[in-house]
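Novice: turn this into a structure:
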Amino acid sequence: MTLIISVATQRVIVQASDRRVTSEAQVLDDERNKAIYLHCRDTQACISFAGVARIDETPTSDFIANHLAGVNVCEMLFNQVVQELEGPVIEALRQQERDWDKPQRSMIVLSGYQYSGLPGPKQKITSVHGCIATGPEAPWTEVFSVEGRESIRIFGMTQAVENSLKERINDLSRQSFFQTSDTAAIADQLVDFIRTAAKQPWYGSSIGPNCLSIAMHSDFRVRAESRYHPSGHPAQNSIPILLITGSVSLSSLPPELIRDGLVTYPIKYFTYEDIWRKAEELREKSGCQPGTPIRISPSATDEDMLKEGS
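Specialist: Okay, the predicted model is just below:
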């Protein structure tokens, strides 16, 4: 089961998760994407999951994104998004657990900010920090909390987070480490916590060393940040699954989406980090210079995408 650690403060929310998928204690994949960045009418949030890794033959993250994109979730308010997750998506996870005779312990984890009112000093900003579970025994716990200031929660493979690791988290919180706006430093620290838990002798084997982090700022004018943390290598900018609306300003999008002021990916729905490799393949195929903007569309042919990007 995935380990997800989420930090929420008045300034930033950072969520990190590992990428391992296991079955019967066997590692099937160490690079499975488990995170979705959502930007709907009143909220920006990271949606992750722990538990069942696929619905029938579809990876769970793709299933969630496909369903939400199909109901035009980007034009919804956040409470409507939650209704979609609590209804069809959670029921599909429950059904998969029943089919596999698994306990109801899967969950969808939500971390982000909800905005009410016009931008400015009177705008109300509420942190979104919790989970929707298939059953009452879904594992999550709050490690540290000061109301209105900071909350740190762990979801999924909580058994691997021993008391000594929880004390490390609490020590850093008491030192105000997570009150910084340096989201890269926070993300690196959360990944270090995950990798420490992965060494736990009884439960750590289900947690992988490669991780993904997504950071959001309460000031929606500051763009969200997504990083891939490969084991043994420095973190690098990355792209999770995105569900965003065309009305989002360029400045609020992850920088990997922008080339020379152009949005180089469709503003609705796309998947996977290797979409960059697809763009490079198309540039090479066409003889375009490196960095030439190409609009990627999952339903378009290579020729159409090259034509649109030229």
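
Novice: for stretch 204-220, which positions count as buried?
Specialist: For stretch 204-220, burial by neighbour count (16 or more other CB atoms under 10 Å) applies to 204-218, 220. Glycine gets a C-beta too; all of them are placed from N, C-alpha and C.

Novice: and the two most separated of those residues?
Specialist: 205 and 220 (39.2 Å; CB to CB).

Novice: what's the single longest helix in the chain?
Specialist: For the chain, the longest helix by residue count, based on DSSP state H, is helix 183-198.

Novice: so how far is stretch 85-105 from its chain's centroid?
Specialist: 20 Å (CA atoms, centre = their mean, to the nearest Å).

Novice: give me the residues contacting it.
Specialist: Residues outside stretch 85-105 that contact it (CB atoms under 8 Å, 6 or more residues apart in numbering): 1, 47, 51-52, 54-56, 60, 63-64, 67-68, 106, 108, 110, 132-139.

Novice: filter those down to the buried ones.
Specialist: Buried by 16+ other CB under 10 Å: 1, 47, 51-52, 54-55, 60, 63-64, 67-68, 106, 108, 110, 132-134, 138-139, out of the contacts of stretch 85-105.

Novice: mind listing which of those residues are in strands?
Specialist: 47, 54, 55, 108, 110, 132, 133 (DSSP state E).

Novice: pretty sure the first one is touching residue 130, no?
Specialist: What that stands for is residue 47. No: if you go by CB atoms under 8 Å, residue 47 and residue 130 don't touch, sitting 11.7 Å apart.

Novice: residues shared between the contacts of these two?
Specialist: 109, 110.

Novice: what's residue 6 sitting at in phi/psi?
Specialist: phi -130, psi 130 (degrees, to the nearest 10).

Novice: show me the beta-bridge partners of it.
Specialist: With DSSP bridges as the criterion, residue 6 is bridged to residue 15, residue 153.

Novice: tell me the contacts of it?
Specialist: Counted by CB under 8 Å, 6+ apart, residue 6 has contacts 13, 14, 15, 16, 109, 111, 129, 152, 153, 154, 155.

Novice: per-residue confidence for it?
Specialist: The model reports residue 6 with a pLDDT of 97.

Novice: likewise residue 35?
Specialist: pLDDT, the model's per-residue confidence, is 88 for residue 35.

Novice: do the same with residue 221
Specialist: Note for residue 221: predicted pLDDT of 78.

Novice: quick check: it is in a strand.
Specialist: No: per DSSP: H, G, I helix; E, B strand; the rest coil, residue 221 lies outside any strand segment and is coil.

Novice: what's near enough to touch residue 29?
Specialist: Applying CB under 8 Å, 6+ apart, we find residue 29 in contact with 19, 20, 21.

Novice: turn the ones in strands among the buried ones among the contacts of stretch 85-105 into a markdown table, columns for distance to residue 185.
Specialist: Putting these into a markdown table (distance: CB to CB, whole Å) gives the following:
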| residue | distance to residue 185 |
| --- | --- |
| 47 | 24 |
| 54 | 34 |
| 55 | 36 |
| 108 | 27 |
| 110 | 23 |
| 132 | 30 |
| 133 | 31 |
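
Novice: nearest to residue 237, of the residues you listed?
Specialist: Distances from residue 237 to those, taken by CB to CB, are shortest for residue 47, at 19.7 Å.

Novice: which residues touch the longest helix of the chain?
Specialist: 3, 5, 7, 12, 14-18, 157, 160-162, 165, 168-169, 172, 177-178, 180, 203-205, 207-209, 211, 213, 215, 217, 225, 227, 229, 231, 235.

Novice: how far does that helix sit from its chain's centre?
Specialist: Here helix 183-198 is found 15 Å from its chain centre; the criterion is CA atoms, centre = their mean.

Novice: strands of the stretch 101-250 of the chain, residue ranges please.
Specialist: Per DSSP state E, counting those that start in this stretch, the stretch 101-250 of the chain has strands spanning 107-116, 124-133, 140-146, 150-156, 211-217, 225-229, 236-237, 241-243. These are given in chain order.

Novice: state the mean pLDDT of the shortest one.
Specialist: Translated: strand 236-237. Rounded mean pLDDT across strand 236-237 is 81.

Novice: likewise for the fifth one?
Specialist: Across strand 211-217, the average pLDDT comes to 93.

Novice: before we move on, what about the second one?
Specialist: Averaged across strand 124-133, the pLDDT comes to 92.

Novice: partners of it, with directions?
Specialist: strand 107-116 (antiparallel).

Novice: in the strand it pairs with, what's buried?
Specialist: 107, 108, 109, 110, 111, 112, 113, 114, 115.

Novice: format those as CSV; extra columns: pLDDT.
Specialist: Shown next, in CSV, are the buried residues of strand 107-116 (pLDDT from 0 to 100):
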residue, pLDDT
107, 96
108, 96
109, 96
110, 96
111, 95
112, 94
113, 94
114, 94
115, 93
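
Novice: surely residue 228 touches residue 35?
Specialist: No: contact criterion CB under 8 Å: residue 228 and residue 35 do not qualify, at 10.3 Å.
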